[in-house]
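[1] Predicted structure and sequence below. I'll ask about it afterward.
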Amino acid sequence: MSGVDLAVTGGRVYVHGNCRAVTLGVTDGRVSHLVEPGRSLDADRELDVGGKLVLPGCVDAHVHVRPGDDREGVDTGTAAAAAGGVTTVVDMPNFPPTVTDRERWNENAALYDGTARVDYSMFGHVAAAHNVGTGDVADLAAAGAPAFKTFLSAGGGPDPYVIRDKGDLLTAFEEVAETGRPFWVHAEDDEYHVEYLERVAERGLTGMDAFLESAPPILETTAVRDLIDLAAETGTTTVVAHTTTAEALDLVAEARADGVPIYAETTPYYLGIDEERLREIGTTALGTPPVRSPENRAALWERFDGGRVDTMATDHAPRFDEEKARDPIDVGPGMPQLETALPFLLSAVGEGKTTVDRVVETYAERPARLLGFERKGHLGVGADADFVVVDTDAEWTVDPEQFESRATYSPFDGWTFTARPVRTFVRGQEVAVDMAATDARPGRLLAPAASE
Ligand SMILES: [Zn+2]
């Protein structure tokens, strides 16, 4: 026995910016060999992937698995991740009771332990009603939270999630800066949001018109300008969650070129859906902030391909059917995306819209670096053997009934994709085959090193 557990042969392996025809060897859950195709590693198991692409497993830094909740939960949420080629998930804290102290964080960690099919960690929440200036932020970082989250506007939802007061906001940013961890922020200006909600009511708007006009782009661009100032003032690594406008992406890119530690995240939803498509599909395709014009969506693709989207995530957030069936302004926003994100992005590569490099950079490498997960997001020797084998010549149609997720709908329902994750491995263990989870549950809680 050579001691090598697994040899993946016949693949085009994405290693540090190049697709290389090499054999990938896995020993004790790590990438131990990248060798010329002819060389045998004498491994316990050999897997010939027949010329397919082997990419680093995706690192999804924005999911709402909602441990213990019937809308998803750890079992099906991490099964959806595995099926979609996502090998690390970081869970958002905002569902009741929101994760604002170490005790709650540990409770959720316990729900992942032994059940998770992929590696994981969890955000800490910073919210005015709970833990600004209480010491909980430092405590959550000490417990292992790799990042924090807050909301600038409640979006018509409950208050316990937000920080509205500028003094509280400054304190929160200072406290997060002290931890050295990044701060994800839902960037919609609260005062404008309240104003536009009032105007929509005064004008008697209903349906999708009411929803779309209640949160126009000025909410986001104003909030992003404030976040740039806060990041510059406090030195906090700041990530604009699910950016929706090309203008906001440009503001972030220009600020970072000036040395401000701010980054922009978006999700496949904003690249795939716009106002016209939302109106056609209806409330199952409704998320917040709202999608924008078709022209903006085209501009987002240009920015994505041009390197102005720093990090991709799914914002995977299934809802009950009755939550999606309400009037648009009251709909439970959010949707499953873990099983469609990588197929969506790689199908776009097939269409010539962007490159594999952009996909790996935004959906594996950068999120891993921002979170301080040094052995994630790449396949260099020594990295965790987290990878996804992708068939880039597989035509298939999205059918939510086939999802591992509990969600019964998708904004991409009925779409035809040309790329499909066919095998997913977490630290050398096979967690999904042909978009169906296996019985393996190797998921571990990740400890962050220093952030980017
Ligand atoms: Zn979210």
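    That came in fine, so what should we check first? Numbering: from 1, shown residues only.
[2] okay, CA-based contacts and neighbour counts for the rest of this
    Will do.
[3] For Pro96, give me the pLDDT.
    Listed pLDDT for Pro96 reads 85.
[4] Okay, it and Arg66: tell me how far apart.
    Applying C-alpha to C-alpha, to the nearest Å, the value for Pro96 to Arg66 is 9 Å.
[5] One more: Thr23?
    38 Å.
[6] Looking at those two, which one has more neighbours?
    Thr23 (25 against 22; other C-alpha atoms under 10 Å).
[7] outside of stretch 24-41, which residues touch it?
    The set of residues external to stretch 24-41 that reach it, using C-alpha atoms under 8 Å, 6 or more residues apart in numbering, is 2-10, 13, 21-23, 43, 379-385, 426-429.
[8] out of the residues you listed, which are inside helices?
    Among these, no member falls in helices (criterion: DSSP state H).
[9] Counting neighbours, which of those end up buried?
    Buried by 16 or more other C-alpha atoms under 10 Å: 4-10, 13, 21-23, 43, 379-385, 426-429, out of the contacts of stretch 24-41.
[10] any idea of the pLDDT on the residue sitting nearest the centre point of the chain?
    In the chain, the centroid-proximal residue (C-alpha atoms, centre = their mean) is Ala313; its distance is 2.2 Å. pLDDT recorded at Ala313 is 98.
[11] What distance do you get for it to Gly382?
    Distance, Ala313 to Gly382, by C-alpha to C-alpha: 25 Å.
[12] and if you look at Thr340?
    Counting by C-alpha to C-alpha, the gap from Thr340 to Gly382 is 29 Å.
[13] ok, now Leu219?
    Taking C-alpha to C-alpha as the measure, Leu219 falls 44 Å from Gly382.
[14] chain center to the helix or strand Tyr192 falls within: distance?
    Using DSSP states H and E, Tyr192 sits within helix 190-202. Offset of helix 190-202 from its chain centre (C-alpha atoms, centre = their mean, to the nearest Å): 29 Å.
[15] mean confidence score for whichever helix or strand comes after that helix?
    Per DSSP H and E, the first helix or strand lying C-terminal to helix 190-202 is helix 207-213. Computed over helix 207-213, the mean pLDDT rounds to 97.
[16] do the same with stretch 246-264
    Summarised as a single mean, pLDDT over stretch 246-264 is 98.
[17] Give me the contact list for it.
    Here stretch 246-264 makes contact (C-alpha under 8 Å, 6+ apart) with 220-221, 224-225, 228, 231-232, 235-243, 296, 299-300, 303, 308-311.
[18] pretty sure Ala432 is in a strand, no?
    Yes: if the criterion is DSSP: H, G, I helix; E, B strand; the rest coil, then Ala432 is within a strand.
[19] what's the helix or strand for Tyr270?
    Tyr270 belongs to helix 268-272 when assigned by DSSP H and E.
[20] sec struct for Glu188, please.
    Glu188 ends up coil, using three-state DSSP.
[21] still on that earlier bit, which among the contacts of stretch 246-264 count as buried?
    220-221, 224, 228, 231-232, 235-243, 296, 299-300, 303, 308-311.
[22] Quick one: low-confidence residue ranges for the chain.
    1, 155-158, 450-452 (pLDDT under 70).
[23] Quick check: next helix or strand after the longest helix belonging to the chain?
    Secondary structure assigned by DSSP H gives helix 217-234 as the longest helix of the chain. Next helix or strand after helix 217-234 toward the C-terminus (DSSP H and E): strand 238-240.
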